[in-house]
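Engineer: no sequence for this one, just the structure:
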């Protein structure tokens with residue numbers, strides 16, 4: 001008889017949690033879902049209380065993301081990421097055999113992940129998560145190379161007021177009012193920027209050093225007045241708890 005693993009699901013999207021739990025019903029002989037959480041902070045508390053052997057973990061979440069949760073957890077469970085990260089960005093994790101499921105999660109891909117569990121010993125999982133955390137603790141960006149015609153120039157990160165996702169494109173807006181197109185995604189940038197930068201919306205990362213004023217708005221949203229370029233940016237209500245914590249509001 002195969003071992004039955006206790007597991008929790010940590011994802012800020014209720015629909016995502018529900019879909020995953022429904023898919024896991026087909027693996028109820030191997031996986032026992034004993035709890036769920038809507039962000040990394042709740043997930044950390046739940047994991048410490050229940051000590052599940054497996055955590056199905058989203059990466060990008062308000063309050064505390066999946067990486068921050070891993071850095072604070074006191075033991076080493078098996079981790080299966082459930083994320084919208086693109087496949088290229090996750091190659092480093094694949095090297096360590098810490099599995100991941102790209103959203104929307106497919107039934108066959110989930111079955112493949114479940115099949116790997118018995119092959120991964122606890123001591124191996126410990127080493128792999130430690131290696132993953134070492135990869136996360138890389139040096140922060142000090143500049144970003146951008147293209148201008150046939151030239152490449154560096155833009156100092158300290159001069160960037162905000163990053164903005166427009167359709168499938170990501171733009172830098174600097175303190176001089178210049179706008180540059182870059183190839184990195186906001187998710188990739190989040191892991192490479194220092195604490196001066198904060199995600200306030202799915203489409204915006206701002207530099208807190210340029211925040212002149214924060215105004216409360218409707219539905220729990222916050223309106224940021226950015227200095228140097230006199231730009232107002234409205235946050236998403238789903239990021240409000242995370243923003244309040246970061247700004248100590």
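Structural biologist: In hand now; what should we look at? The structure presented is a predicted model; accordingly, all values stated were derived computationally and were not measured.
Engineer: Which SSE is immediately downstream of the helix or strand bottoming out on mean pLDDT in the chain?
Structural biologist: Least confident element among the helices and strands of the chain, by mean pLDDT, DSSP states H and E: helix 91-95 (a mean of 46). With elements assigned by DSSP states H and E, the helix or strand that comes after helix 91-95 is strand 100-102.
Engineer: Return the set of buried residues in the very next helix or strand once past that following strand.
Structural biologist: Note on strand 100-102: by DSSP H and E, the next helix or strand toward the C-terminus is helix 107-116. Buried residues in helix 107-116, counted by 16 or more other C-beta atoms under 10 Å: 110, 113-114. C-beta here means a position set from N, CA and C on the backbone, and glycine is covered the same way.
Engineer: so which of the residues you listed comes closest to residue 197?
Structural biologist: Taking C-beta to C-beta as the measure, residue 197 lies nearest residue 113 of the buried residues of helix 107-116, at 32.0 Å.
Engineer: Surely the closest one is in contact with residue 105?
Structural biologist: No: judged on C-beta atoms under 8 Å, residue 113 makes no contact with residue 105 at a distance of 9.3 Å.
Engineer: Quick check: which element contains residue 60?
Structural biologist: Residue-wise, residue 60 maps onto no helix or strand under DSSP H and E.
Engineer: Can you tell me the closest non-neighbouring residue to it?
Structural biologist: Using C-beta to C-beta, 6 or more residues apart in numbering and skipping the chain neighbours, the partner closest in space to residue 60 is residue 187 (5.9 Å).
Engineer: Could you look up the SS state of the one you found?
Structural biologist: Of the three states, residue 187 takes helix according to DSSP: H, G, I helix; E, B strand; the rest coil.
Engineer: Counting neighbours, which bits of stretch 218-235 end up buried?
Structural biologist: Buried residues in stretch 218-235 (16+ other C-beta under 10 Å): 221-222, 224, 226, 228, 231, 233, 235.
Engineer: can I get those in TSV with distance to residue 82 and pLDDT?
Structural biologist: Output for the buried residues of stretch 218-235, formatted as TSV (distance: C-beta to C-beta, whole Å; pLDDT from 0 to 100):
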residue	distance to residue 82	pLDDT
221	27	89
222	28	92
224	30	95
226	33	95
228	38	87
231	34	92
233	29	95
235	25	93
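Engineer: In helices only, show me those.
Structural biologist: Among the buried residues of stretch 218-235, no member is found in helices (DSSP state H).
Engineer: Check the residues you listed and tell me the two furthest apart.
Structural biologist: 221 and 228 (22.7 Å).
Engineer: give me every residue that touches the residue nearest to the spatial centre of the chain.
Structural biologist: The residue lying closest to the centre of the chain (C-alpha atoms, centre = their mean) is residue 60, at 2.5 Å. Residues counted as contacts of residue 60 (C-beta atoms under 8 Å, 6 or more residues apart in numbering) are 66, 83-85, 187, 190.
Engineer: out of the residues you listed, which are inside helices?
Structural biologist: 66, 187, 190.
Engineer: Need the residues you listed in JSON lines (columns: pLDDT and distance to residue 154).
Structural biologist: Formatted as JSON lines, those follow (pLDDT from 0 to 100; distance: C-beta to C-beta, whole Å):
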{"residue": "66", "pLDDT": "83", "distance to residue 154": "30"}
{"residue": "187", "pLDDT": "83", "distance to residue 154": "22"}
{"residue": "190", "pLDDT": "82", "distance to residue 154": "20"}
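Engineer: From the residues you listed, pick the one nearest residue 209.
Structural biologist: Using C-beta to C-beta, those come closest to residue 209 at residue 190, 16.8 Å.
Engineer: any low-confidence regions in the protein?
Structural biologist: By pLDDT under 70, the low-scoring segments of the chain are 1-2, 85-98, 118-139.
Engineer: can I see the domain layout of it?
Structural biologist: Domain assignment for the chain, taken from automatic domain parsing, gives 5-136, 143-247.
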